[in-house]
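Colleague: Provide a 3D model corresponding to the input given below.
(chains A and B)
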There are 2 protein chains.
Amino acid sequence: MENRTEISSLGEFRLIEHLTKNIELQNASSIVGVGDDAAVIDHFGKQTVITTDLLIEGVHFDLIYTPLKHLGYKSVIVNLSDLYAMNASPTQITMSVGISNRFSVEALDEFYEGVYAACEKYGVDLVGGDTASSQKGFIISVTAIGEVTPDKYVKRSGAKKGDLLCVSGDLGAAYLGLLFLEREKKIFLENPAIQPDLEGESYVVGRLLKPEAGKNIIEFFEKQSIRPTSMMDISDGLSSEILHICKESEVGCVLYEEKIPVAEETRKAAFKFEIDPTACALNGGEDYELLFTIDQSDYEKLVLNEEISVVGYVTDAAEGARIITKGNNTFPITAQGWDALKKK
Amino acid sequence: MENRTEISSLGEFRLIEHLTKNIELQNASSIVGVGDDAAVIDHFGKQTVITTDLLIEGVHFDLIYTPLKHLGYKSVIVNLSDLYAMNASPTQITMSVGISNRFSVEALDEFYEGVYAACEKYGVDLVGGDTASSQKGFIISVTAIGEVTPDKYVKRSGAKKGDLLCVSGDLGAAYLGLLFLEREKKIFLENPAIQPDLEGESYVVGRLLKPEAGKNIIEFFEKQSIRPTSMMDISDGLSSEILHICKESEVGCVLYEEKIPVAEETRKAAFKFEIDPTACALNGGEDYELLFTIDQSDYEKLVLNEEISVVGYVTDAAEGARIITKGNNTFPITAQGWDALKKK
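Modeller: Take a look at the predicted model:
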């Protein structure tokens, strides 16, 4: 090969852009294609939403501290989260696994116990999949399918000036859970006699190992007849996701640091690690909360839900994406989020 | 863990049975779940069909002799084949890839060139996917979505006594293509100065590296108003697939060896390797032709299509699945097909 461009020189998002830039959709039923949380397919009045994720041992999860049952649960959740981020209700999943002979049937059963637990909780059917042997490591590929009533799906591109910028739940905990588990792993590998000390950290560890998806929020929108103008799930950190919304919607925004929801447990954990809790919320990943924008006229309805925080507002694109800190300084928001391809 | 059951002791099909035996579908829209070529989802009159495959380097393909463009093409085709096997028309795919830093962007471009070529030829839209880094090897996960008019989908379970047993195209070639490429790889690894000698084997090699899916056959059915009583694609070898149909339909069958379509090139290649061409058709894999049963009353329509061969007929379950050889001996059909998990 004459030219060689390192994939790491592009990073995940530019790689995807590069690989998909020439797509022209051929089927009238393909409403939304590559580039959002999920694709939307029209089926004569009802719309099908589809998303997929590939999870690889050593890259996306570490089996030293991830119980297989939790891993099964989480691998479903991360996909459902993408469907909720389209304002859709998940209905089916397919689950493919690649396994080396290091895994026993019992180990796989534990994994599927988590898969089925997530399916049951979220009312989703496992309708297909594939099993393959892998030469090394555990590989998980999930595709989730959902439905949405016509024209109710929410893309990343609909935010407009004056909209309120909102997030569900609280942020930054999963990243601190990861820091703790990585620290305990290091201690364990140096001296296997030392047992993990996770006391007091069950919240942040739980947020990493067993996240939940935004079902409650979507149901609240439905009940209150709220249709967000844009939405996505927060898997790579709030900064990165805000920049996606701004780019796709061609807008700017103001984010107030003091409004970013951070749980007390997360704050305490951050101080133990001597890092800024806000940095964890902005740049940590895997919280699987929802980031969305709504029209100001929906504000009254929104305050009914304690799980939702208004964290800022949408501006003209020319003003850029900015954060106003607790000390009242203004900085541009930059993406330092997790980029699966750049990290390795 | 107290018990350890080796996954290899079950094999792929029993493993899937084991993992999915307790599924109870929760959504009314989940018409067909795990256990056929694809799942069927109802969308108010139109039915969505979905299938997924996981392909792993070193297990499902060998990059020493597989051009990346062909690999991209084939990874789409194997999924479309599963949709055609449901009598459905593919409309969308998602494509996820896991790549190590050994791959350049140019290499990935070659792969996607094949992906897009298949999409264009079969009229399918790429609507989503995921890219991840892998620690080792190339990992491909494709999900394909199609549609079928209500009640036209064809499962594996509808064959009934007296039906004709049919296959499309010709069989056994891909397996011989694999034997050739494996032989040339061995020679090359022993002495890299020796160039591959594939002369005269372009047919069998092409059948392995660039298979096609059953679009023509499905369109022929549509035009002739034929609805097969059962159908599946031939990915693991004719024997294995016939046994699936018999098991799912609770029937037996008679297969005539002399009726099994084998191309002249395949026959010649088999003789070079001193193996029986019939054995290649029965037990070789990856031909991606269709195996189906039709009611006898459709026979007149069937003979219009040269691509279709009637290879036997369906009997009572009690008579078992049997093959009548050219020498007029009768043997039970046994599955010696490729079993991805048992092989490793």
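Colleague: now the helices for the stretch 151-300 of chain A?
Modeller: In the stretch 151-300 of chain A, the helices defined using DSSP state H, counting those that start in this stretch lie at A:173-190, A:202-209, A:215-224, A:238-249, A:264-272, A:277-283, A:299-302.
Colleague: those: which one's closest to chain B?
Modeller: helix A:215-224 (14.1 Å; C-beta to the nearest C-beta). Glycine gets a C-beta too; all of them are placed from N, C-alpha and C.
Colleague: list the buried residues of that closest one.
Modeller: For helix A:215-224, the neighbour count (16 or more other C-beta atoms under 10 Å in any protein chain shown) marks A:Lys215, A:Ile217, A:Ile218, A:Phe220, A:Phe221 as buried.
Colleague: mind checking pLDDT for the fourth one?
Modeller: Think A:Phe220. With respect to pLDDT, A:Phe220 has a value of 97.
Colleague: up against chain B, what does the stretch 101-250 of chain A have?
Modeller: Residues of the stretch 101-250 of chain A lying near chain B by C-beta under 8 Å from any C-beta of the partner chain: A:101, A:103-109, A:112, A:116, A:119-120, A:123-137, A:139, A:141, A:143, A:145, A:147.
Colleague: between the helix or strand hosting A:Ile50 and strand B:46-56, how many degrees?
Modeller: Per DSSP states H and E, A:Ile50 falls inside strand A:46-56. Between strand A:46-56 and strand B:46-56, the angle comes out at 10 degrees (axes from the mean of the first three to the mean of the last three C-alpha atoms, to 10 degrees).
Colleague: where does pLDDT dip in the stretch 1-150 of chain A?
Modeller: For the stretch 1-150 of chain A, the stretches with pLDDT under 70 are A:1-2, A:7, A:12-13, A:16, A:33-36, A:38, A:44.
Colleague: relative to A:Phe292, how far out is A:Val251?
Modeller: Computed as C-beta to C-beta, to the nearest Å, the A:Val251 to A:Phe292 distance reads 13 Å.
Colleague: compare these two (neighbour count), which wins?
Modeller: With neighbours defined as other C-beta atoms under 10 Å in any protein chain shown, A:Val251 and A:Phe292 compare such that A:Phe292 has more, 30 against 27.
Colleague: so that one sits against A:Cys166, correct?
Modeller: Yes - contact criterion C-beta atoms under 8 Å: A:Phe292 and A:Cys166 qualify, at 5.4 Å.
Colleague: find the residues that touch each one of these two.
Modeller: A:Pro228 (C-beta atoms under 8 Å, 6 or more residues apart in numbering or on different chains).
Colleague: spell out which residues make up each domain of chain A.
Modeller: Taking automatic domain parsing as the reference, chain A has its domains at A:28-148, A:164-343.
Colleague: of all the ones you listed, which lies closest to B:Ile324?
Modeller: domain A:28-148 (34.2 Å; C-beta to C-beta).
Colleague: tell me which residues in the host helix or strand of A:Arg322 are buried?
Modeller: Assigned by DSSP H and E, A:Arg322 belongs to strand A:321-324. By 16+ other C-beta under 10 Å, the buried positions in strand A:321-324 come out as A:Ala321, A:Ile323, A:Ile324.
Colleague: hmm, back to that, can you tell me if the strand holding A:Ile50 touches chain B.
Modeller: Yes - using C-beta under 8 Å from any C-beta, strand A:46-56 reaches chain B at A:Lys46, A:Thr48, A:Ile50, A:Thr51, A:Thr52, A:Asp53, A:Leu54, A:Leu55, A:Ile56.
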